[in-house]
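> I need the structure of the sequence given here:
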Amino acid sequence: MEDNIGMMMMRMILTLLHFDMDMELENDCAWKPKQGMTFDSEQCAYDFYNTYGERMGFSIRINYCRKNKFTSQLICRLLVCNKEGFWKVDKRDPLAKNPRAKTRIGCEAQLYVKLDEGIRKFVVTDFNEKHNHNIVSPECAHMLPSQRKKSATQAIELDLAASGLHLGQSFELMGREASG
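Modelled structure (predicted):
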(Lines give C-alpha, C1' and ligand atoms only; values in the text may rest on other atoms or scores of the structure.)
Protein backbone atom coordinates (compact mmCIF):
# COMPACT_ATOMS: atom_id res chain seq x y z
CA MET A 1 0.00 0.00 0.00
CA GLU A 2 2.77 2.44 0.96
CA ASP A 3 4.69 1.56 -2.22
CA ASN A 4 1.63 2.42 -4.33
CA ILE A 5 1.22 5.76 -2.57
CA GLY A 6 4.94 6.46 -3.01
CA MET A 7 4.74 5.66 -6.72
CA MET A 8 1.68 7.89 -7.11
CA MET A 9 3.49 10.74 -5.36
CA MET A 10 6.56 10.25 -7.54
CA ARG A 11 4.41 10.29 -10.70
CA MET A 12 2.90 13.58 -9.60
CA ILE A 13 6.34 15.05 -8.90
CA LEU A 14 7.71 13.82 -12.21
CA THR A 15 4.71 15.28 -14.04
CA LEU A 16 5.24 18.64 -12.34
CA LEU A 17 8.94 18.69 -13.16
CA HIS A 18 8.38 17.99 -16.90
CA PHE A 19 11.33 15.79 -17.73
CA ASP A 20 11.79 12.77 -19.94
CA MET A 21 13.09 9.42 -18.79
CA ASP A 22 14.05 6.30 -20.69
CA MET A 23 12.71 4.03 -17.96
CA GLU A 24 9.35 2.87 -16.65
CA LEU A 25 7.92 4.34 -13.47
CA GLU A 26 7.12 0.89 -12.10
CA ASN A 27 10.85 0.26 -11.87
CA ASP A 28 12.13 0.69 -8.29
CA CYS A 29 14.80 3.13 -9.46
CA ALA A 30 12.49 5.53 -11.32
CA TRP A 31 13.12 8.26 -8.76
CA LYS A 32 16.90 7.84 -8.93
CA PRO A 33 18.98 9.96 -11.35
CA LYS A 34 20.91 8.18 -14.07
CA GLN A 35 23.09 9.16 -17.00
CA GLY A 36 21.15 10.14 -20.10
CA MET A 37 18.12 11.45 -18.20
CA THR A 38 16.85 14.70 -19.75
CA PHE A 39 15.22 17.79 -18.22
CA ASP A 40 13.40 20.69 -19.83
CA SER A 41 15.33 23.25 -17.79
CA GLU A 42 18.10 23.58 -15.25
CA GLN A 43 15.48 24.34 -12.58
CA CYS A 44 13.74 21.02 -13.33
CA ALA A 45 17.06 19.21 -12.84
CA TYR A 46 17.62 21.04 -9.54
CA ASP A 47 14.09 20.22 -8.32
CA PHE A 48 14.46 16.56 -9.28
CA TYR A 49 17.82 16.18 -7.53
CA ASN A 50 16.51 18.05 -4.49
CA THR A 51 13.53 15.66 -4.31
CA TYR A 52 15.93 12.74 -4.64
CA GLY A 53 18.06 14.22 -1.86
CA GLU A 54 15.02 14.58 0.39
CA ARG A 55 14.03 10.97 -0.23
CA MET A 56 17.57 9.72 0.42
CA GLY A 57 18.22 12.03 3.40
CA PHE A 58 20.74 14.65 2.28
CA SER A 59 20.74 18.31 1.30
CA ILE A 60 22.04 19.67 -2.00
CA ARG A 61 23.58 22.90 -3.23
CA ILE A 62 24.69 24.42 -6.51
CA ASN A 63 28.47 24.18 -6.87
CA TYR A 64 29.40 25.20 -10.38
CA CYS A 65 27.90 26.53 -13.56
CA ARG A 66 29.26 27.55 -16.93
CA LYS A 67 27.64 30.04 -19.27
CA ASN A 68 28.12 30.88 -22.91
CA LYS A 69 30.37 33.97 -23.15
CA PHE A 70 28.30 35.59 -25.88
CA THR A 71 24.69 34.74 -24.98
CA SER A 72 25.10 34.26 -21.20
CA GLN A 73 23.03 31.10 -21.55
CA LEU A 74 23.66 28.35 -19.02
CA ILE A 75 25.65 25.49 -20.58
CA CYS A 76 26.20 23.19 -17.61
CA ARG A 77 25.50 22.91 -13.91
CA LEU A 78 27.03 20.83 -11.12
CA LEU A 79 24.74 20.00 -8.20
CA VAL A 80 26.44 18.51 -5.14
CA CYS A 81 25.74 17.28 -1.63
CA ASN A 82 25.95 20.20 0.79
CA LYS A 83 28.85 18.41 2.55
CA GLU A 84 31.01 18.46 -0.61
CA GLY A 85 34.42 20.11 -0.40
CA PHE A 86 36.32 21.52 2.55
CA TRP A 87 36.43 24.91 4.24
CA LYS A 88 39.73 26.71 4.57
CA VAL A 89 41.53 26.58 7.91
CA ASP A 90 39.54 28.38 10.60
CA LYS A 91 41.61 31.35 11.78
CA ARG A 92 39.38 32.18 14.73
CA ASP A 93 40.31 31.53 18.34
CA PRO A 94 41.29 27.84 18.66
CA LEU A 95 40.27 27.87 22.33
CA ALA A 96 36.65 28.81 21.62
CA LYS A 97 34.17 27.11 23.93
CA ASN A 98 31.68 26.26 21.19
CA PRO A 99 33.54 26.05 17.87
CA ARG A 100 31.47 25.87 14.72
CA ALA A 101 30.72 22.34 13.55
CA LYS A 102 32.39 20.97 10.43
CA THR A 103 29.84 21.25 7.61
CA ARG A 104 31.96 20.20 4.65
CA ILE A 105 33.74 16.88 4.76
CA GLY A 106 34.57 16.10 1.13
CA CYS A 107 31.43 14.21 0.08
CA GLU A 108 31.60 13.07 -3.54
CA ALA A 109 27.86 12.81 -4.30
CA GLN A 110 27.00 14.95 -7.34
CA LEU A 111 24.81 15.38 -10.40
CA TYR A 112 26.24 17.06 -13.51
CA VAL A 113 23.83 18.28 -16.19
CA LYS A 114 24.82 19.71 -19.54
CA LEU A 115 22.73 21.48 -22.19
CA ASP A 116 22.29 19.44 -25.36
CA GLU A 117 22.04 22.06 -28.12
CA GLY A 118 20.35 19.61 -30.53
CA ILE A 119 17.31 18.90 -28.39
CA ARG A 120 17.52 22.07 -26.22
CA LYS A 121 17.32 20.05 -22.99
CA PHE A 122 19.64 19.42 -20.07
CA VAL A 123 21.10 15.92 -20.00
CA VAL A 124 22.65 14.15 -17.02
CA THR A 125 26.23 13.37 -18.03
CA ASP A 126 27.61 12.34 -14.62
CA PHE A 127 25.98 11.04 -11.45
CA ASN A 128 27.77 9.89 -8.31
CA GLU A 129 25.65 8.69 -5.40
CA LYS A 130 28.43 7.83 -2.91
CA HIS A 131 28.35 9.72 0.40
CA ASN A 132 31.15 9.63 2.96
CA HIS A 133 28.87 10.62 5.83
CA ASN A 134 25.70 9.45 7.52
CA ILE A 135 22.49 10.51 5.87
CA VAL A 136 19.44 11.79 7.72
CA SER A 137 16.34 9.69 8.35
CA PRO A 138 13.33 10.46 6.10
CA GLU A 139 11.41 11.80 9.13
CA CYS A 140 14.01 14.56 9.62
CA ALA A 141 14.88 15.25 5.96
CA HIS A 142 12.47 18.20 5.78
CA MET A 143 14.76 20.13 8.16
CA LEU A 144 17.80 20.03 5.85
CA PRO A 145 18.79 23.38 4.29
CA SER A 146 17.73 22.67 0.70
CA GLN A 147 14.51 20.98 1.83
CA ARG A 148 13.13 23.88 3.86
CA LYS A 149 10.22 25.38 2.01
CA LYS A 150 7.55 27.90 2.81
CA SER A 151 4.16 27.78 1.18
CA ALA A 152 2.74 30.63 -0.90
CA THR A 153 0.31 31.53 1.89
CA GLN A 154 3.15 31.68 4.42
CA ALA A 155 5.11 33.98 2.10
CA ILE A 156 2.08 36.28 1.68
CA GLU A 157 1.52 36.36 5.44
CA LEU A 158 5.18 37.25 6.01
CA ASP A 159 4.97 40.08 3.47
CA LEU A 160 1.78 41.40 5.06
CA ALA A 161 3.19 41.13 8.56
CA ALA A 162 6.38 42.98 7.59
CA SER A 163 4.61 45.70 5.63
CA GLY A 164 3.27 47.81 8.48
CA LEU A 165 3.49 45.98 11.76
CA HIS A 166 6.09 46.44 14.42
CA LEU A 167 8.19 43.43 15.39
CA GLY A 168 6.20 42.72 18.55
CA GLN A 169 2.93 42.90 16.63
CA SER A 170 4.28 40.45 14.03
CA PHE A 171 5.20 37.97 16.76
CA GLU A 172 1.80 38.40 18.37
CA LEU A 173 0.09 37.74 15.03
CA MET A 174 2.13 34.58 14.43
CA GLY A 175 1.45 33.40 17.98
CA ARG A 176 -2.30 33.81 17.54
CA GLU A 177 -2.21 31.88 14.25
CA ALA A 178 -0.30 29.06 15.96
CA SER A 179 -2.88 28.93 18.79
CA GLY A 180 -0.84 30.74 21.37
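> my read: residue 63 touches residue 81, true?
No. If you go by C-beta atoms under 8 Å, residue 63 and residue 81 don't touch, sitting 9.5 Å apart. C-beta: built from backbone N, CA, C; applies to glycine.
> need the residues touching each of those two.
By C-beta atoms under 8 Å, 6 or more residues apart in numbering, residue 63 and residue 81 have these common neighbours: residue 110.
> looking at those two, which one has more neighbours?
Neighbours per residue, other C-beta atoms under 10 Å: of residue 63 and residue 81, the larger number sits with residue 81, 29 against 15.
> and the pLDDT at the more buried one?
pLDDT recorded at residue 81 is 87.
> how much space between it and residue 130?
Distance check for residue 81 against residue 130: by C-beta to C-beta, to the nearest Å, it reads 10 Å.
> mind listing the shared neighbours of the two?
Residues touching both residue 81 and residue 130 by C-beta under 8 Å, 6+ apart: 108-109.
> element containing the residue nearest to the spatial centre of the chain, please.
Central residue of the chain (C-alpha atoms, centre = their mean): residue 50, 3.0 Å from the mean position. Per DSSP states H and E: residue 50 is located in helix 42-56.
> wait, what's in contact with the residue nearest to the centre of the chain?
Residue 50 makes contact with 60, 146-147, according to C-beta under 8 Å, 6+ apart.
> let's see 7 Å
The contact partners of residue 50, by C-beta atoms under 7 Å, 6 or more residues apart in numbering, come to 60, 146.
> care to break this structure down by domain?
The chain breaks down by automatic domain parsing into domains covering 2-147, 150-180.
> just say which of those is most tucked in.
Of all those, domain 2-147 has the most neighbours on average by mean count of other C-beta atoms under 10 Å, namely a mean of 14.
> so, low pLDDT: which residues of this structure?
1-29, 90-92, 100-101, 150-151, 158, 160-163, 180 (pLDDT under 70).
> what ranges does it have for its strands?
Using DSSP state E, the strands of the chain run over 19-20, 38-39, 60-67, 74-81, 110-116, 121-128.
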